[in-house]
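*Asks:* Structure, please.
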Amino acid sequence: MAIIHKWYLLMAHGMADRVHQLLNATSLKELAEVNSKDYVRWQSIKRGRARIGAEEVEHLGRMYPQYRWWLMTGEVMPDKGQVSPEYEEANRNLPNQNAG
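*Replies:* This is a model prediction of the structure:
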């Protein structure tokens with residue numbers, strides 16, 4: 001049982017990192033109405049004063065549907081339209097490979 005528990009903690013930590021990566025690229029105004037309870041909650045999460053919960057992860061998944069799989073697992077499936085911010089940036093930076 002201890003092995004499963006350690007695995008769970010590693011997954012949770014990785015997911016939290018991915019959540020914070022998305023939060024750093026998202027303005028608070030995109031997440032909630034200014035001065036609302038949700039806005040204050042997102043602000044606390046973004047500043048590291050509160051932990052991310054399942055509702056917030058689901059909200060980010062709705063905002064960024066192309067990142068859902070990556071957000072949950074850290075993996076990409078480009079053939080299914082599931083990518084990561086790094087994957088999208090790498091594709092944007094590829095030189096045009098048209099054969100002419």
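*Asks:* and the helix or strand hosting Val40, what other elements does it pack with?
*Replies:* Following DSSP states H and E, the helix or strand that holds Val40 is helix 37-46. In terms of contact count using 3 or more Cβ pairs under 8 Å, 6 or more residues apart in numbering; DSSP states H and E, helix 37-46 is assigned the packing partners helix 2-24, helix 28-31, helix 54-63. For glycine as for every other residue, the C-beta is placed from the backbone atoms N, C-alpha and C.
*Asks:* Swap in 7 Å and give it another go.
*Replies:* helix 28-31 (3 or more Cβ pairs under 7 Å, 6 or more residues apart in numbering; DSSP states H and E).
*Asks:* and the helix it packs on, what does it pack onto?
*Replies:* Identification of packing neighbours for helix 28-31 by 3+ Cβ pairs under 7 Å, 6+ apart yields helix 37-46.
*Asks:* Tell me what angle the helix it packs on forms with helix 54-63.
*Replies:* Between helix 37-46 and helix 54-63, the angle formed by their directions is 100 degrees, by axes from the mean of the first three to the mean of the last three Cα atoms, to 10 degrees.
*Asks:* For the helix holding Val40, buried residues please.
*Replies:* Neighbour-count burial for helix 37-46, counted by 16 or more other Cβ atoms under 10 Å, picks out 41-42, 45-46.
*Asks:* Same question for stretch 44-54.
*Replies:* When neighbours are counted by 16+ other Cβ under 10 Å, the buried residues of stretch 44-54 are found to be 45-46, 52.
*Asks:* just stretch 20-38 next, same as before
*Replies:* In stretch 20-38, counting by 16+ other Cβ under 10 Å, buried: 21-23, 28, 31-32.
*Asks:* Could you find the closest non-adjacent residue to the residue positioned nearest the centre of the chain?
*Replies:* For the chain, Val19 is the residue whose C-alpha lies nearest the centre (Cα atoms, centre = their mean; 3.8 Å). In space, and not counting its chain neighbours, Val19 is closest to Ile52: 4.8 Å by Cβ to Cβ, 6 or more residues apart in numbering.
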